[in-house]
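Student: this one's sequence-less:
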């Protein structure tokens, strides 16, 4: 079994800064995660129907940091712990190595093979990265359509999956809408600030099988994207 926790923050320039904490228990040499920045199901461009448009693909993955540590009690809050041990990128590693990872580039994303030996322990793998230019700017709203897992990405079966996506600031008008597509057992709710405005969304799923997709989609006040570089992603 595994816990999978994700915390993402939309940046004021339209990037998406992501933390993923994957907690595994048992005997293993490490973990492999494939991260897609392009969804192969999105192709072409149609300015009338954006439903399956490639405009929602980000431009790439950057600022990758990988770390890990042994855990006892496990909760979502572990994602913000500061005592993880940093990994070094290498071209080759052996079973039994620790704090090393191998990076492989794919046409639609990147794969990271992380080495951190466990013999019956609980290990938390913390993967941090940024999706470049993930937000699409429309005439009336900004939009994020984030495909977190695809059935084709060879992910494991995950239990206790929690995803939080935060806006760059509070949305105090009627442009904030959100959806999630995945298992029927999941649910998604808005995260409200003290001022009763929305600051993000929170999705929970009891179990995600390896043949299931998961995406989060939300629209929000475009004035929260204040960096002019995001205007390159306008439709």
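Tutor: Yep, that arrived. Keep in mind the model is a prediction, meaning the values are calculated, not measured. Numbering: from 1, shown residues only.

Student: quick one: low-confidence ranges for the chain?
Tutor: For the chain, residues meeting the criterion pLDDT under 70 lie at 1, 38-57, 151-155, 184, 211, 229-235.

Student: what are the pairing partners of the strand or helix carrying residue 129, and which direction each?
Tutor: Per DSSP states H and E: residue 129 is located in strand 109-132. The strands beside strand 109-132 in its sheet (DSSP bridges) come out as strand 16-36 (antiparallel), strand 60-71 (antiparallel), strand 98-105 (antiparallel).

Student: give me whichever of these is most buried.
Tutor: strand 16-36 (a mean of 19; mean count of other Cβ atoms under 10 Å). C-beta: built from backbone N, CA, C; applies to glycine.

Student: one step back: among the strands paired with strand 109-132, which is nearest residue 140?
Tutor: With distances scored as Cβ to Cβ, the stretch of these nearest to residue 140 is strand 16-36 (20.7 Å).

Student: counting by contacts, list what the helix or strand encompassing residue 8 packs against.
Tutor: According to DSSP H and E, residue 8 maps onto strand 2-10. Judged by 3 or more Cβ pairs under 8 Å, 6 or more residues apart in numbering; DSSP states H and E, the packing partners of strand 2-10 are strand 16-36, strand 142-149, strand 158-171.

Student: on that earlier part again, got the angle between the strand holding residue 129 and strand 2-10?
Tutor: Between strand 109-132 and strand 2-10, the angle comes out at 40 degrees (axes from the mean of the first three to the mean of the last three Cα atoms, to 10 degrees).

Student: list the buried residues in strand 109-132.
Tutor: Across strand 109-132, burial judged by 16 or more other Cβ atoms under 10 Å covers 109-116, 118, 122-132.

Student: pretty sure residue 96 contacts residue 27?
Tutor: No: the pair residue 96 / residue 27 is not scored as a contact, 11.4 Å apart, by Cβ atoms under 8 Å.

Student: contacting residues for residue 11?
Tutor: Residue 11 is in contact with 17, 130, 168, 227, counting by Cβ atoms under 8 Å, 6 or more residues apart in numbering.
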